[in-house]
Structure formats: structure tokens, C-alpha cells
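Enquirer: Quick one: sequence plus predicted model below, questions after.
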Protein chains: 4
Amino acid sequence: MQRNPIKASIIGITGYTGLEQLRLLLAHPLVEIAHLTSRQHENAAIGEVYPHLAHLDLSITNTDHMQVAKDSDVVFLALPHKTAQDIVADLHGKVRVIDLSADYRLDDAAVYEKYYVPHNHPALLKEVAYGAPEFNGEKIAAASTVANPGCFALLAQLMLYPLAGLIETVDIMAVTGSSGSGKTASDGTHHPVRSHNMKSYNINKHRHIPEITRTAKIEEVQLNFVPTSGPFSRGIFASAFVHLKADIEPLDLAEQAYTDAPFVRLTGTPELANVVGSNFCDLSYVKGVGQSVIVQGALDNLVKGAAGCAVQNMNLMFGFDETEGLDVLAPLYP
Amino acid sequence: MQRNPIKASIIGITGYTGLEQLRLLLAHPLVEIAHLTSRQHENAAIGEVYPHLAHLDLSITNTDHMQVAKDSDVVFLALPHKTAQDIVADLHGKVRVIDLSADYRLDDAAVYEKYYVPHNHPALLKEVAYGAPEFNGEKIAAASTVANPGCFALLAQLMLYPLAGLIETVDIMAVTGSSGSGKTASDGTHHPVRSHNMKSYNINKHRHIPEITRTAKIEEVQLNFVPTSGPFSRGIFASAFVHLKADIEPLDLAEQAYTDAPFVRLTGTPELANVVGSNFCDLSYVKGVGQSVIVQGALDNLVKGAAGCAVQNMNLMFGFDETEGLDVLAPLYP
Amino acid sequence: MQRNPIKASIIGITGYTGLEQLRLLLAHPLVEIAHLTSRQHENAAIGEVYPHLAHLDLSITNTDHMQVAKDSDVVFLALPHKTAQDIVADLHGKVRVIDLSADYRLDDAAVYEKYYVPHNHPALLKEVAYGAPEFNGEKIAAASTVANPGCFALLAQLMLYPLAGLIETVDIMAVTGSSGSGKTASDGTHHPVRSHNMKSYNINKHRHIPEITRTAKIEEVQLNFVPTSGPFSRGIFASAFVHLKADIEPLDLAEQAYTDAPFVRLTGTPELANVVGSNFCDLSYVKGVGQSVIVQGALDNLVKGAAGCAVQNMNLMFGFDETEGLDVLAPLYP
Amino acid sequence: MQRNPIKASIIGITGYTGLEQLRLLLAHPLVEIAHLTSRQHENAAIGEVYPHLAHLDLSITNTDHMQVAKDSDVVFLALPHKTAQDIVADLHGKVRVIDLSADYRLDDAAVYEKYYVPHNHPALLKEVAYGAPEFNGEKIAAASTVANPGCFALLAQLMLYPLAGLIETVDIMAVTGSSGSGKTASDGTHHPVRSHNMKSYNINKHRHIPEITRTAKIEEVQLNFVPTSGPFSRGIFASAFVHLKADIEPLDLAEQAYTDAPFVRLTGTPELANVVGSNFCDLSYVKGVGQSVIVQGALDNLVKGAAGCAVQNMNLMFGFDETEGLDVLAPLYP
């Protein structure tokens, strides 16, 4: 059956997330671009802002988001947190929305406020589906608006989900590439140091913590989370030491959990080089001393950790095959 | 018009070139894979050899090349030079062949022997089309066998081609990523040093030199060529200092030369980050002191410098759109 | 008081450890070089083997180790494990020896055999001092032979030593640079992949595990150890999640433990960039959830993790100031 | 003969140049630090600003530069251009000054103004010695104030100096590490892109051009200069294509020129990895086609290209051995 393409727009095209969203939508056979908007680069050819896209005949506008919604079947919001709050509220129910910000990832306004800012639309939090296709697929398929997960948070949840309910304590060390810091230069992404450095930050204070605990059925009091900057551009590589309440075979649980998950691979040792550029999340489960399990995971923070997961959510929302448009994106190896 | 896919095979799948060929063919809507062969990894699932492809249901065999030809519409040879000589001779005329080795890139057996080894099939050299689509498209379209260019050589030719016939002297400094050395570890690709090093090698002795001079209508006596190892994985970044016989506007000539070349972009300053992962070759032409021109170029050595150019050649040979299957591969930025 | 320099020799100059030993000894004001030996590069100028040392007027010979001992006050062995066993036995008591191999790091021959090979001189294991200056200084000062620690092992011990006796469980994730793999190129150090990869290996099987447990008064059954390859050349960055038997102030304990340790710094957040090139080990102790502590550490694997620690040991053995010759080596920042 | 140490101060300690100057002065046996000044970090312990120096008991103050001069034998100015103009004028003749800014590198105020800003003290330009020890040693030894060369400029001059007077045209491609951009983060040093990119900038417009032509006895009309950003932290790797007026043996000329230059090595193929961390400049001269020569050079931009050259100049000014305090800084290899 031949399908007509849907019209997709990106609000907030200038950051790395919006940019990656565009890369993936351009490769999707059932999508055509309606609007690309930005306040910062209004009325520029895409190639002026991003010379690597100089071959494209696409322009950036400052079209109002209500107009964008009218012209689109789906709208991707690639905006900073807080900015997205009101726009999602405006668009919800009028067009399919995939929000890549943090604004609707938590279902509790108090927790959101603790980690971010006050929330203008607390009631809406319950209506937005959390966009983790591997364990929330049905709600996503039925949703008008989806909150796309945070990159650290999705990886941690995918790692812990098969063990949910069995966890005594969990300690996570997660190393992220510099693209996770976004497009704006800062001390932390200054190449002379970053190029050969490792450094942890926001230990047990990172905003992705409440997102992690939400799904894995663990509580924050049992979790140490150590985000760390690594000397590479793309990817997150995480190790979790899980002390369990029981002696189980973790890989069996993982295989059950991910039988129907086309982008989760349990086939070997996770490596960044095996996933970068693609929507895959590679996971391993190794039994450790006592009742401990060493769980490791790797994904591309801009693909499976952001724009690729968003396409997966879009596929579910529109009844496309879950891998549509994503299967042509093999890892860029080496 | 709906087209039936053609059957493509890769002989020599274990190196980086064969691997990249597979990545690109998998993304091509008009291709299906017939055989993937290797002597080294006979009868292995592709994911055993390359874990980043663990999701694929494809196997590597040691099928005889004549049988491969019977089952295929096009065969890609990703073999070392010398090894390809006889196989091309066996297959020529029986199936479309795109040879990624160096064996049929030169049309003069004596020159080939000087830089490589003796040639078993000197007469065949004249029948094989040189696979540079930007200035040999008609011959490629009509050819049974195409010799895919060397990565340095194609970049240098694309840089110099608009200036052909006007060149007094040309000096090229070309910096290559480590993937250009192939999949086998060696001192030159040992990470502790390569990660922050630059070093030139084979100055004025590199095997791509006769290939460069062939098309640009310059002679070897006018060319200094300095290949250099750089601390990155993918890409070649080259600078050519061209002293001309006349005072011309080089960019005008380049725009004329590349009006119909969908993968050559003259829109800005070449950067590796703007081309890696894609089939683009970015070029710039800046007038220098006196009658000199500074030409710079960047491409991905494994895509436009190898497997992507091969797909472009395949598209021409089968009457597909020249960009078919390549346009979904935007640069992986950042 | 003016001291006469001592005569130092290096047996096994061709690897990265021997090379770094030479760098540090050349900067030491109380040392002069007697012999540099190698079987592989016999009778070569040092600059032929290592062009970065082309300015030095030093030669590599294959002088017999007994002759080396006669001409030296101290001999550094930078040999592979097993090879060093008999040479240490020959030299022990005749000259001060600092063995950078693994052969005398463990005091139990059965454990050594489990992780390495059988030991020819089990009785000697008890006579050799373990070369961790921060908690074994007195024995080192009195020793004829010192076994220099492994790089992972020393870092882990320095991290855990202040908590010894209080540990319930400990999980360590340690990321090492590629120079830790030595001078010989291999798949794991192949730049095209290593340059942007992370990958764990030998989980709970690494040879440094019995060395770690020796000093920290923990047992192997309580330890998970995850060695990991990182995309940088020098350094180890480790995170330990320690679940304690009691609720204590870990930083207080660390400050007590390292009052007199000139190369341990507790002043901030460990970063590779702050220690590379120097003999410093930076440590941090952060209280986590429950009775857990997050301990992090960074050092240069070739300096504090090998040749710098060896100089520190030499200083103790000869009654020099512990920092002599090491204080001029500030971190190479950025 | 035992010498008393001289008192050295650094004005402008917060950037990479001032920081590297401190690293080198701390390793110098005949120097003690008097003042470290900064307007930005007044009254901070050095370890607060630079944690890698947390072990040092040194403070940053905002002491007036005239007071600094009174308390010092030599003052190093690590300030931006323009800022240094008046301070040098204040200090000249009252204390030995080594100015690492660009303000006194050119002897012609009109040329300086063309590339920078107007000069407040044009007459002083002739009194300041240009600090290239390899061809201006006598003037440096006699000078009160020395202008330390630019990093690109010194490398290019060292490459071309032996050929001075014989040059018909010269084309230079010079690749610099990111530390050359200084301590402040910017788009050009943003790690997600810089980590695997190459890109040229300021072609034939770079401020070091008039400095290059000054010594090499070539004119700007004969020079193309292509500065390029490379994906590494430290070092400059440059290639010059020199078309000569005569057929000469360039290496003979270079050996004559550098007989007494302890930090210029002509012994092999220049590589960044062979010089980083040290004061060496490695050069090679290879005859090319026709009467061309391919000259290559490598140095550490912060050492030989800045602070190390400044120490060399200080040594000459105070009658120390030219290598004093610099010979302990071997290249940090690998």
C-alpha cells in the first residue's frame, strides 16, 4: 500500500537537536517538511546557518506556532525547557506534537518544579505520553502529545527496565559526548581541555534523575547517578552496578523485555562505535559478585537519545512501521 | 514509475571499504543484496564480524566469483590491488563490475607497474571506464566495468579539473583520516600517537600521483604531492597551491565545470565536519598572490572517496537518478 | 648539602614504560644514566628508535643484566611479566631494583599463578616491598627490591585506602587511555575506532584485581571491577561506588590518610587534564545515598601509574626528598 | 659556579600563555617567582583558578606593573596586543622585559597599524629586539626588552630562514591546535565540531604574515599563507612549498644555519608527537619537482611558539646557558 507522506515541522531548528531531527526526517520516506522555524535565524536559507546542508532548498522562518500547526500533521518542538511549556499547551489536541524539551517528561508538577522551574500547565502533565517506545508504546500510539525522553534518562531506563522491582541499590556512571551540551560553546566544551579530559558533574543532582526513577520502579534514595563528560562528540556510554534483592538471570529478563524492541540489541558488548549515527541502543547484562549485576549500555545521544526516538514515536503515532525511515541509518562505522 | 530492485554483491566484505559499500547499498531503495563474500570470514553472520551490524540477517560466504556474477546485476570488488586483476578480467562483460581496487584506474600498464606490480591484463585497461562521475559520466554509463577512483586522487582531480590546461605548477598538501589506512592495526594508526599527531609520508611517491595527473592535464613533473596523516578517523582535507599560466577567475571556471554535479558544492569554506558521512565534496577557489590560486577540498574518504562514488557510478550504469540512495545520507553533523 | 648523583639503568627501554622512565630520570637532578638496554634495538642511538629523543647522546645496548647491576646504583626493570621473574632473582640484594612488571606485586604465589603464570621464585615474593609510597613508605625505604604497582591497581588502592575496613561492597568503573596498552599496535588501539569509542573488557577478570584487594582490606567477593577503554592517550579516570558498613565522613578519613602524601591532592574534582604529565593523583570523596560514598580518582598511567611512582620509590630508597626530580613535572595543561 | 636565582614575574597569568610561562619558570633552576598578576583573578590562590596547580603555594595579585618591575629582574608580559603597548613603554630600560604580545614584533608602525591598531610608541619599535634566538641571538643578549615571536611566525621563519634570498615563491599551509585560540571558549573551539574537523581561516590575511616576511627576506607578494584549525590541542604542523631561484641543496643550508641552535632538530620527519611538551622545533627539507623544496616543521605552540622561546630569550639576556631549565622538558611522548 502506497502511503501519502505526512507533513512535519520543526520549531526551534538552530540547536543540535532540531538539526538532527531534520537529518532524520529528510531520510524518512513518508515525511515531507512543512516548516522549519527559529527566532534566531529567521528568513535564512538553511545552508547559511548550517553549511553542511548547503545543498538543501529549505528556509528557516519565524512562522507563528499556531500557523505551523495548521500546516502540519506533526510538530517537533526542539526548544529549551520552560519555553516549550506554553507552546505545547497551545498545540495539544490540535496537531500531533513531539516535545523534545524536558517540560512534559515528568508527571508530577512538584517534582518538575524542584528540578526545573514552576510549571504553568500541571494538569496537562498527565495527558502527555512519555515517549519511551520500548515500554510505553500503546500510550504513545494513542497520544496527541508525546514527551520525548532525556538522553541520559532513556538510556538508564532501558538498562534498568528489565530489572524493575528487583533493585536494592543502583549506582550509575554515565559518560556523555560533548554534543550533549548543545551548540553553544562553553568552558566545558572548550576543545583544548575537553579533547583529552574526563570529569564528572552534578553528581546526584542531575535533572534526569527523577525521569530515571519514574520507570524503573526504583526510588531516588536507592540511586547514585554520576554524569561525566567524555572526550568524544556523540554518544553516551553508561555502566550501572545493580545490587538485587534476588538471584536472577538478568539476561533472560532483558531478552523477555525487549523481544519486540527493534532498536534494542542484546547481542554483545556495548560500544559507542557500534551505535553512533544510528537509532540502536546496545545493552549487556553481566552477573557480578554476590547478587549484583553489571549493566552497560550505549546509544547515540542525538539519535536514540533524542531525534531518532522522536521519529520512532512519530511512527507509532501515525501507524507506520516502527522502524520506518530509521532502518536506513546504519551506524557510521568506523 | 516503480522500478524493480537490482541485485548487488560485494566481493571482499571484511575491510572498511566493503563495509561502507554495504552501509550505502542497504540505504539504496533500488538495490537488494545478493552475496557478501570473504575468504577470511567465510560462513559467518555479518554481526559476528561487525557487531555494529548485529541487527542484520545477512551472512558472509566464500561463494565463487563466477557464481556471484550469475546471481547479481552488479558486483562491487572491495579487494586489495593485484588480487582484483584477474577477477575483473573474469567478470568483465558478464556482469556490471565496479572495482574499488587500484588495478584498473590507470590506462597505461607501464605506469601501473611502476607504482604497483606487473599487470596481467594490460589490454583490458583501455576498456574499463574511470569512475569519476563529474568528468567521465558518459563513459561510465556505457561501461561494463568501472574502476572506482582512489580517495586522494579523486579529491585532487575534482580540485584541479576546472583549471586543467592552465596549470604551471601545483603543490598539494592532503591530510587523511586514519580510516584511510584500512581495518588492520599498524604503527601508523596506533592511537596513543595518532590521536594528537600529524605526519607526512610518501612525499612525491604516493601511488595516487599518476591518477591525479591523468585527468587534470598536468604532468608529474609539475606536481608536488604531500600525503599527511591527521588525527581524525574519516575524511580528507586538501589544499592545493596552483600557480597558473594566466590570470583567470577560478571560481567561474569551477561553477561552469560543476553545474550538473549534484555532489560537488562550491558554497563555502571546505570543512571535514560538513562532509563526513555524506557523498559531498566541498571545494573552494581563492585567488592568491600573483597568478596563484588556493584550492581547498574536503570529502569523506569512505563515501565520496570510495563507496559513495561507487554507488554514484552504479546509478549512472543502471540509468537511475545520479543521487538515488545517496541523498538520504546527510553529513553526520556535529 | 650537595649530593653526588646516583647511577641508574633501565632494562627494557623500548616500551612506553621504559621510555617514560627515561624521561623522568633525565629530569632528576640526582641521577645520571648508566645503561639503557633492549634486546630488540641493540646498539642503536636512542633517537633512531624514538625520534622525539633525537637530541640525546644516548645509546641502547644489550648489556648483560649482571653487568648492568655492577655499573648501577639502581636498576629499573621495564619488562613484560614472567621475563622479570628470574632477573629480579638474580639482582636482588646486589643492587637496588625497581621492577615495573607484575612479577613481584603479589605476595602469594598461588594467586599470582591464577592470574599470570607459575612463579619461579615464590619465596622471594615476601622479601620484595610493594611500591605504593603512600601506605608502604617505610618498607620501601628499607628494601633492596621494590615491586612497582600496576596503574589501575595503584589508583584503586589510593581511592579505597582511607576507607579500608569499612567497606561492605565496592564497584569500580575505571577508564584508561590507549597508552596503557603499550607500544604495540593492536585492534583495541586502532585509531579509526578507538578515537571515539568506549568499551569495557575483562570485567571481574582483570589481573589488577588481587592487587587492589591486597591493600584495601576488602575481599574479591565484594568487588566488581570494570576496566574500560577510553578515547584518549594518557590517564586513568576511575569512579568507585562504595557501600559502607557505617556512616562516616569519608573526606575526613582521606585527609588523615594523605596528610604527608605530596602527590595526592584532595582539593577538587578529579579531571584527567589536571594530572596528565605529572605525578599527581587527584581524589574526591562525595557522600551518596544511604551509607554510600562516591570516590573518584585520576592519574597519569605512565607517571603516577608507573615511572613517576618508580622515581618516588627510588627517592625513598636513597633517602632523597620524596618529590625530588618530580616537582618540575607540572601537569601539561591544557 | 653556583648562581643566585633571578626574580621573575608574569603580568597576565590567566591565559594559556601566562600559564605555560609559569610551568616553565617553575622548572627553571635559576628562577624564583616574584609576582603573578591578573586583573581578572586578583587575590586568588593559583589553584582556585587552575586546579591542576592546586599543590602550589602561589597567589595571583593585581600589583601595579611598576611595583612588579621593582621587585623583579625580568618581567614576562602575557597580555593581549594593544594592552601591552603602554606597559612595555613604562618598563623599558627599568627591568628586563619579555613581551609575549604582538605589540613590538614589527619594526614598522605603519605595518603594525595595518594589521592591528595604531601604535602609541612607534619609536620604541626599533629599540626592542625581535626574540628569535636562532637568528637574532646577539641583539637579544644585549636587549632590555624582547618581543617574543608569534607561534605561526616563528615556525615559518625557522622553516624559511636557511633559504632566505633564494625564494621565488612560497606557499604555506600551517595547521594549529586549539590551544592557539586561547583560554576563552568560542565557536571555533567548540569540541563537538573541532574534535574531528579541519578548516582554514584568514587566508592571506593573518596577522603573522608581516612577521614571517620580515626575517625570511621574502616579500608579502610572494607568499600565500593558509592558517588552518586542526583537531588537536597543542602544536603547529606546517608545510611550505618553496619555488627557488636556484638549484641548491636545502638541507646543507639548513645544517649550516642551525649548527648552534640547540632546539632545532633536522634529524627526521617532523611530527607533532615528537615535539609537544618540549621546546624543540623539528624541520625537514626535501627536494621537490623542478627547483622546488618541500619544507616541513613542527613545534609546540605554547612552548617553542611562546613560553619556551621566552625562557630561551631570558637565558640569553642573563648569560645563562641557552638550554637552562628547558632541557628537563622532554617531549611528552606518547
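Expert: Yep, it's here. Since the model is a prediction, treat every value here as computed from it, not as a measurement.

Enquirer: The nearest residue to residue A:322 once chain neighbours are set aside: which element?
Expert: The shortest distance from residue A:322 to any non-neighbouring residue, by CB to CB, 6 or more residues apart in numbering or on different chains, is to residue A:315 (5.2 Å). For glycine as for every other residue, the C-beta is placed from the backbone atoms N, C-alpha and C. In this assignment (DSSP states H and E), residue A:315 forms part of helix A:308-317.

Enquirer: and what of residue A:241?
Expert: Residue A:241 is part of strand A:236-244 when elements are defined by DSSP H and E.

Enquirer: So which elements touch whatever helix or strand comes next after that strand?
Expert: Using DSSP H and E, the helix or strand that follows strand A:236-244 in sequence is helix A:250-257. Using 3 or more CB pairs under 8 Å, 6 or more residues apart in numbering or on different chains; DSSP states H and E, the elements in contact with helix A:250-257 are strand A:281-287.

Enquirer: Give the partner strands of the strand it packs on in its sheet and their orientations.
Expert: Note on strand A:281-287: by DSSP bridges, its sheet partners are strand A:264-265 (parallel), strand A:292-299 (antiparallel).

Enquirer: hey, which of those strands is tucked in deepest?
Expert: Most buried of the strands paired with strand A:281-287 by mean neighbour count (mean count of other CB atoms under 10 Å in any protein chain shown) is strand A:292-299; its value is a mean of 26.

Enquirer: Just give me how far that one sits from the chain centre.
Expert: The chain centre lies 18 Å from the centre of strand A:292-299; the measure is CA atoms, centre = their mean, to the nearest Å.

Enquirer: so for it, what's the average pLDDT?
Expert: Averaging the model's pLDDT scores along strand A:292-299 yields 98.

Enquirer: what do you get for stretch A:232-251?
Expert: Averaged across stretch A:232-251, the pLDDT comes to 97.

Enquirer: Now that stretch: buried residues?
Expert: Within stretch A:232-251, the residues that count as buried by 16 or more other CB atoms under 10 Å in any protein chain shown are A:232-244, A:250-251.

Enquirer: Give the buried residues for stretch A:4-23.
Expert: Those buried within stretch A:4-23 under the rule 16+ other CB under 10 Å are A:6-23.

Enquirer: what separates that stretch from the chain centre, distance-wise?
Expert: Using CA atoms, centre = their mean, the offset of stretch A:4-23 from its chain centre is 14 Å.

Enquirer: For it, measure first residue to last.
Expert: Terminal residues of stretch A:4-23 are spaced 20 Å apart (CA to CA, to the nearest Å).

Enquirer: Sheet-wise, list the partners of the strand holding residue A:241 with their directions.
Expert: Strand A:236-244 is paired, per DSSP bridges, with strand A:167-176 (antiparallel), strand A:292-299 (antiparallel).

Enquirer: Of the buried residues of stretch A:4-23, which ones also sit close to chain D?
Expert: residue A:16 (CB under 8 Å from any CB of the partner chain).

Enquirer: Can you pick out the ones from the buried residues of stretch A:4-23 that are in strands?
Expert: Judged by DSSP state E, strands contain the following of the buried residues of stretch A:4-23: A:6, A:7, A:8, A:9, A:10, A:11.

Enquirer: Check the fifth one and give its pLDDT.
Expert: Same thing as residue A:10. 98.

Enquirer: how does chain A divide up, domain by domain?
Expert: Listed domain ranges for chain A are A:6-149+A:304-317, A:152-301 (source: automatic domain parsing).

Enquirer: need the residues of chain A near chain B, please.
Expert: Residues of chain A found near chain B (CB under 8 Å from any CB) are A:16, A:19, A:23, A:26-27, A:29, A:47, A:50-55, A:179, A:196, A:233-234, A:262, A:265, A:267-269, A:271, A:273-275, A:277-278, A:280, A:328-334.

Enquirer: Filter these down to the buried ones.
Expert: A:16, A:19, A:23, A:26-27, A:47, A:50-55, A:179, A:196, A:233-234, A:262, A:265, A:271, A:273-275, A:277-278, A:280, A:328-334.

Enquirer: Show me the shaky parts of chain A.
Expert: A:1-2 (pLDDT under 70).

Enquirer: can you map out the helices along it?
Expert: A:16-26, A:46-49, A:65-70, A:83-91, A:109-115, A:133-142, A:151-160, A:191-194, A:209-216, A:250-257, A:308-317 (DSSP state H).

Enquirer: Residue C:202 is nearest to which of those helices?
Expert: Among the helices of chain A, the nearest to residue C:202 by CB to CB is helix A:250-257 (18.9 Å).

Enquirer: ok, and for the closest one, which residues are buried?
Expert: A:250, A:251, A:253, A:254, A:257.

Enquirer: which residue packs closest to the first one, ignoring adjacent ones?
Expert: Beyond its immediate neighbours in the sequence, the residue positioned closest to residue A:250 (CB to CB, 6+ apart) is residue A:285, lying 3.9 Å away.

Enquirer: Might you report the residue contacts of the one you found?
Expert: With contacts defined as CB atoms under 8 Å, 6 or more residues apart in numbering or on different chains, the neighbours of residue A:285 are A:162, A:250, A:251, A:253, A:254, A:266, A:293, A:294, A:295.

Enquirer: ok, residue A:232 to chain B distance?
Expert: Residue A:232 is 11 Å from chain B, where distance means CB to the nearest CB, to the nearest Å.

Enquirer: Thought residue A:194 was touching that residue, still the case?
Expert: No - checked against CB atoms under 8 Å, the pair residue A:232 and residue A:194 is beyond contact range at 9.5 Å.

Enquirer: overlap in contacts of these two?
Expert: A:178, D:195.

Enquirer: out of the contacts of residue A:285, who's nearest residue C:96?
Expert: Nearest member of those to residue C:96, counting by CB to CB, is residue A:294, at 41.5 Å.

Enquirer: Kindly state the beta-bridge partners for the closest one.
Expert: residue A:241, residue A:286.

Enquirer: how about the residues of the stretch 101-250 of chain A that lie near chain D?
Expert: A:177-179, A:181, A:183, A:185-187, A:189-196, A:231-234.

Enquirer: From these, keep the buried residues only.
Expert: A:177-179, A:181, A:183, A:185, A:189-196, A:231-234.

Enquirer: which among those residues are in contact with chain C?
Expert: Among these, the residues that sit close to chain C (CB under 8 Å from any CB) are A:192, A:193, A:195, A:196, A:231, A:232, A:233, A:234.

Enquirer: List just the nearest of those to residue D:205.
Expert: Out of those, the member with the shortest distance to residue D:205 (by CB to CB) is residue A:192, at 23.7 Å.

Enquirer: can you pull the contacts of that closest one?
Expert: Shown in contact with residue A:192 (CB under 8 Å, 6+ apart): C:334, D:16, D:177, D:178, D:179, D:181, D:183, D:189, D:233, D:234.

Enquirer: mind checking how far the closest residue to it other than its chain neighbours is from residue D:178?
Expert: The shortest distance from residue A:192 to any non-neighbouring residue, by CB to CB, 6+ apart, is to residue C:334 (3.8 Å). In this view, residue C:334 and residue D:178 are 8 Å apart by CB to CB, to the nearest Å.

Enquirer: which residues do the two both contact?
Expert: A:192, D:233.

Enquirer: circling back: and of the strands paired with strand A:236-244, who's closest to residue A:33?
Expert: Nearest to residue A:33, of these and by CB to CB, is strand A:292-299 at 25.4 Å.
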